[in-house]
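Participant: Take a look and give me a structure for this.
(chains A and B)
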Amino acid sequence: MKRLNWQIWTGFLLSLVAAFSYPFVFVTWATTREFPWANLVLFAIAFVLLFLGVRRAFKPGRRTVSKIFSSLAAVVGVLLLGMLLFVIYVMGAWLPPSTAAPQVGQKAPDFTLADPNNQPVTLAQLLTEPVNNKAPKGVLLIFYRGYW
Amino acid sequence: MRGVEKNLNKFIEAGIRVVGISVDTPEDTRKYMVQAAGYSFTFLSDPQLETIRRYDLVHAEEMASGKDIARPAEFLIDPSGTVRWRLVTKNFFKHALPEQLLEATKTLP
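Facilitator: You can find the predicted model right below:
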C-alpha cells in the first residue's frame, strides 16, 4: 500500500489556513494587519511542505494522478498567497480620494447626529462638555465602516 | 478602534473625547458596538450619510457591504473647532494606531 503524501495534504491545508486566518484572526491586531507577517510565515511553511510533497510525487514509480494532484495543490497554494496580497494591497487601496475632506487648519463642519440612545448630539456640544471633569482639550472623530 | 478602546483612559486623561461615526443606526450601534463588543466611547449614527458626505468620506457601494458607507478616517479637533491633525488613510488595512493618535493629541494647545 502506498503511504499518504502527508506533505502535500498538510501544505495545502496550511496554505488555506494562512490565507483565511488573515480576515478572521490576524486583521484584529494592528501588528499583524498592517503587514501580514504572521500569514507570510504560515505561507512559507506551507510552501516548504508543498515543495517536498511535489518532489515526492514526481519520484519514479508514483502514479500520474498523484503528480497531477500534488501540482494542483501547489498551484492553489501559490494562488492563495496571491489572493491575500491582492486583497490587502490592491483592494485595500480601493478607497475614495476624499480630496474635499477637512484639512489641518480648517474648521471641522458642525453636525447633529443621534447617539445610541437616539439623543441628538452636536459637534459644538462634544467640544464643550467636560471630559474628566475639565473642559475638553479636543475631540477625536473616528469615521469607521460600521459593525461587521 | 479596538486599540483606542484599550487605551481610552489615556485619551480621557489627555482631555480628549473619542467619538466614532458610522452609517449604523443608533439601535445597531447600541446592540453591536456597545453591548456585544463592549466599546465605551461616544458613538454617533449617520445612516443618511449627511455628515459623512460633508466630510467627503463617502465610500459609495463599498464591496463587502454593497452599501454606501464611511471610509476610514480620523480627525483631531481642538476646542475652537479647528482640525489639528488628521489621517485619511490610503489603505483600508492601515489606519491610525492609538500611540500615533496619543502623540497627535500633544500638538493640541
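
Participant: pLDDT below threshold where in chain A?
Facilitator: A:1-2 (pLDDT under 70).

Participant: Identify the single longest strand in it, thanks.
Facilitator: Longest strand of chain A, by residue count under DSSP state E: strand A:138-143.

Participant: quick one: strands adjacent to that strand?
Facilitator: Applying DSSP bridges, strand A:138-143 is found paired with strand B:16-22 (parallel), strand B:73-77 (antiparallel).

Participant: Sketch out the helices for the chain, chain order is fine.
Facilitator: By default, I'm working from chain A. Shown for chain A, the helices assigned by DSSP state H span residues A:6-24, A:30-33, A:37-57, A:64-85, A:123-128.

Participant: Let me rephrase: I mean chain B.
Facilitator: B:2-6, B:8-13, B:26-28, B:50-54, B:98-105.

Participant: Take those and write them to TSV, including mean neighbour count.
Facilitator: In short, each C-beta sits where N, CA and C put it, glycine included. Listed next are the helices of chain B as TSV, based on neighbours: other C-beta atoms under 10 Å in any protein chain shown:
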stretch	mean neighbour count
helix B:2-6	16
helix B:8-13	15
helix B:26-28	15
helix B:50-54	18
helix B:98-105	17
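
Participant: CSV for those helices, including mean pLDDT and distance to chain A?
Facilitator: Formatted as CSV, these follow (pLDDT from 0 to 100; distance: least, C-beta to the nearest C-beta, whole Å):
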stretch, mean pLDDT, distance to chain A
helix B:2-6, 93, 6
helix B:8-13, 96, 5
helix B:26-28, 97, 5
helix B:50-54, 98, 4
helix B:98-105, 94, 6
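
Participant: Relative to residue A:102, which of these is closest?
Facilitator: Nearest to residue A:102 among the helices of chain B is helix B:50-54; the distance by C-beta to C-beta comes to 9.0 Å.

Participant: Can you pull out the residues in contact with the closest one?
Facilitator: The contact list for helix B:50-54 (C-beta atoms under 8 Å, 6 or more residues apart in numbering or on different chains) reads A:109, A:111, A:113, A:143, B:21, B:23, B:44, B:46, B:58, B:69-70.

Participant: ditto for stretch B:3-20
Facilitator: The contact list for stretch B:3-20 (C-beta under 8 Å, 6+ apart) reads A:30, A:126, A:129, A:131-132, A:134-144, B:1, B:33, B:38-44, B:76, B:97-98, B:101-102, B:105.

Participant: Now, of the residues you listed, which are buried?
Facilitator: A:30, A:126, A:131, A:136-144, B:1, B:33, B:39, B:41-44, B:76, B:97-98, B:101-102, B:105 (16 or more other C-beta atoms under 10 Å in any protein chain shown).
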